[in-house]
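Asker: The amino acid sequence is not available; the structure is as follows:
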């Protein structure tokens, strides 16, 4: 935007993503954690966020807690709304990306199509797919939020893994098999991978 | 979110806004620049963003360029869509706020009601209203994007200041009368105010 007459754009060029990455001493990327409800996505993302912070990086978890309660609080669970949910998340991640910030996106995002949609918005070069691979038996046994029980009893319809499909990534950029690992081990594994992608 | 069984939440507490503000050495705030089309909002915001960066702060401009082309690209200009436009912008600003980042929001946001709505979402303590006060005659004379001409000729309907009202803030936190000032002077004035709010 250029304003003429009494206003002269003599500033340095507009601030770019590269400037911000330089300031934060990192390369910005979108890490997209996909997996079943209860697979540990958000717990891993939050542990990783803290570990990255402690190491001097700057990352932001985007998950149901800060997205569904805010920008997506007017969306339901119809097919259209689920798609719009993912679209907005991907657009928010893209804004953060252009701000030089690493995002850790923790969303079930159950289908290949919906993840391709997110990848397209973010840009393939910056979108890194991480599969949090936890067997459904484990997720259901944990049932932290009591959602599997509700899905089994029919109180919730279209629940991923019960009466709605989860399509695992064919070729994720990184995969964590959380079974038989502590959360610390999962975070450490992912941390090492993330660092290799964001370190300048 | 707590996961039981083989996973133990022994990490430090979740990363907080305060941690991020400490890392960025600033207090996060949302500066909401309101004013007519062509008033210089975005130019001032962009100059300010660069000046803050050069001084070691971390701010992000949110404006039509990165919002209307992305997260709000499925919104039109009906009354409902204009409200949803502002709602999403305020929610994005709130996410950045919780990431410890200063945002410089540059949107006409023509009515008291719509700005109150934004303030409510962001939270009154963090919402700082800045009125970019440029007389409509000046804005129309500049007509950088040719929009006033189109509005006058009836090609655009409901254009703020022509056939749709602009309600100036009664009591903005800061006001810049851009007339008879260079853009540099406007940016410098606002910079000094912003610094007083974000400096730790």
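Answerer: Received it, and whenever you're ready, just let me know what you need. This structure is a prediction, so every number in the text was calculated from the model and none was measured.
Asker: Can you report how many residues lie near residue A:65?
Answerer: 14 (other CB atoms under 10 Å in any protein chain shown). Backbone N, C-alpha and C define where each C-beta goes, glycine included.
Asker: Check for me that it belongs to a helix.
Answerer: Yes - when the secondary structure is assigned by DSSP: H, G, I helix; E, B strand; the rest coil, residue A:65 falls within a helix.
Asker: how near is it to chain B?
Answerer: 8 Å (CB to the nearest CB, to the nearest Å).
Asker: Isn't that residue up against residue A:41?
Answerer: No - using CB atoms under 8 Å as the test, residue A:65 is too far from residue A:41 to be in contact (11.8 Å).
Asker: next SSE after the helix or strand hosting residue A:93?
Answerer: Element membership for residue A:93, per DSSP states H and E: helix A:79-98. Note on helix A:79-98: by DSSP H and E, the next helix or strand toward the C-terminus is strand A:102-106.
Asker: tell me which strands and helices that following strand is in contact with?
Answerer: Counting contacts by 3 or more CB pairs under 8 Å, 6 or more residues apart in numbering or on different chains; DSSP states H and E, strand A:102-106 is packed against strand A:30-34, helix A:41-54, strand A:59-63, helix A:79-98.
Asker: Run the chain-centre distance for it.
Answerer: The gap between the average C-alpha position of strand A:102-106 and the chain average comes to 4 Å, counting by CA atoms, centre = their mean, to the nearest Å.
Asker: Is chain B within reach of the helix or strand harbouring residue A:19?
Answerer: Counting by DSSP H and E, the element that carries residue A:19 is helix A:17-24. Yes - counting by CB under 8 Å from any CB of the partner chain, chain B is contacted by helix A:17-24 at A:19, A:20, A:23.
Asker: Which strands or helices does that helix pack on?
Answerer: Under the contact criterion of 3+ CB pairs under 8 Å, 6+ apart, helix A:17-24 touches helix A:79-98, helix B:41-54.
Asker: Show me the one of the helices and strands packed on strand A:102-106 that comes nearest residue A:182.
Answerer: Set against residue A:182 and scored by CB to CB, the helices and strands packed on strand A:102-106 come closest in helix A:41-54, at 10.4 Å.
Asker: Quick check: buried residues in the worst-scoring helix or strand of chain A on mean pLDDT?
Answerer: For chain A, using mean pLDDT, DSSP states H and E, the weakest element among its helices and strands is helix A:64-67, scoring a mean of 90. Of the residues in helix A:64-67, those buried by neighbour count under the rule 16 or more other CB atoms under 10 Å in any protein chain shown are A:64, A:66, A:67.
Asker: which residues are in contact with it?
Answerer: Outside helix A:64-67, the residues within contact range by CB atoms under 8 Å, 6 or more residues apart in numbering or on different chains are A:42, A:85, A:88, A:89, A:92, A:106, A:107, B:1, B:95, B:98.
Asker: ok, residue A:82 touching residue A:114?
Answerer: Yes - because the distance of 7.3 Å satisfies CB under 8 Å, residue A:82 is recorded as touching residue A:114.
Asker: Name all residues that make contact with residue A:30.
Answerer: The contact partners of residue A:30, taken as CB under 8 Å, 6+ apart, are A:90, A:93, A:94, A:96, A:97, A:102, A:103, A:105, A:122, A:126, A:127, A:128.
Asker: Likewise for residue A:129?
Answerer: By CB under 8 Å, 6+ apart, the contact list for residue A:129 reads A:32, A:34, A:115, A:119, A:169, A:172, A:173, A:174.
Asker: Make sure the fifth one is actually in contact with residue A:34.
Answerer: Which is residue A:169. Yes - checked against CB under 8 Å, the pair residue A:169 and residue A:34 is within contact range at 6.5 Å.
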